[in-house]
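K.L.:
After the sequence you'll find the predicted model.
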Amino acid sequence: MNARESHDRAVQKLADEYASKGFQVRREAELPFVLEGGRRFRADILAERDGEHHVIEVALSGVRGTPQARRWEEVARQVRALPGWHFKVVLVDRDVPPPSDPERIEAELVNAEALLDQDQLTAAMLLAASAFEAAARRQLVAVGALPYDDDTPEALVEHLVSQGHVDQEEFVPLRDAIELRNAIAHGHLDQLPERDAIRRLVTDARRLLHAA
């Protein structure tokens, strides 16, 4: 379940809780007044009952950054200045899928090697990089060193190096391989990966699997 799905699920659960208490509940509700500067604000939940107005925003724990925090502070100040109006941010745990099984990761590494033997370099790169990322997440989760469950593949490599699971000299080659995978995945199909980059991803993924 990705961050958006987890957020929406948490919003729906909260909306149902307020509705069960007799509130009229709207999701993605635009507030019926203009904030300072003529701005409008759309809340995750607006729950109203007998002169009570609750503006609720949902934030997921374990997700990198809270760029909305400053805006929420401004909105909270203005909302709470109105009689009967309340503002709060509800922090909820994100439903994080468990790491992939090592057997599944190894099977995909075998498939990547088969594609490499068939000179299907683009497909081999995509599969090898995905298997490497799965192995990296599994290793970091095992040692409690995965700060954010939505870390980018590049950030995963940084965590692996900082935790000593990948040698410092491997950082740049692995990062470059991941960046090439990302470019290919986003449509830059003219960028042909090198065999050594694919083999490096496969080799390091297996080493991480054995270490987990």
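P.N.:
The structure has been received and is ready for your questions.
K.L.:
Surely Arg80 and His86 touch.
P.N.:
Yes. Judged on Cβ atoms under 8 Å, Arg80 makes contact with His86 at a distance of 6.7 Å. Heads up, the C-betas are built off the backbone N, CA and C, glycines and all.
K.L.:
what about the strands in the protein?
P.N.:
24-30, 42-49, 52-61, 85-93 (DSSP state E).
K.L.:
Neighbouring strands - and their directions - for the longest one?
P.N.:
Which is strand 52-61. According to DSSP bridges, strand 52-61 has the following sheet partners: strand 42-49 (antiparallel), strand 85-93 (parallel).
K.L.:
what about the protein, any weak spots by pLDDT?
P.N.:
For the chain, applying pLDDT under 70 flags the ranges 1-3, 61-68, 94-97, 145-151, 212.
K.L.:
the longest helix in it is where?
P.N.:
The longest helix of the chain (DSSP state H) is helix 121-142.
K.L.:
chain center to that one: distance?
P.N.:
Here helix 121-142 is found 16 Å from its chain centre; the criterion is Cα atoms, centre = their mean, to the nearest Å.
K.L.:
Same check on stretch 70-85?
P.N.:
Stretch 70-85 sits 29 Å away from the centroid of its parent chain (Cα atoms, centre = their mean).
K.L.:
That one: which residues count as buried?
P.N.:
Of all the residues in stretch 70-85, those buried under the rule 16 or more other Cβ atoms under 10 Å are Trp72, Val75, Ala76, Gln78, Val79, Trp85.
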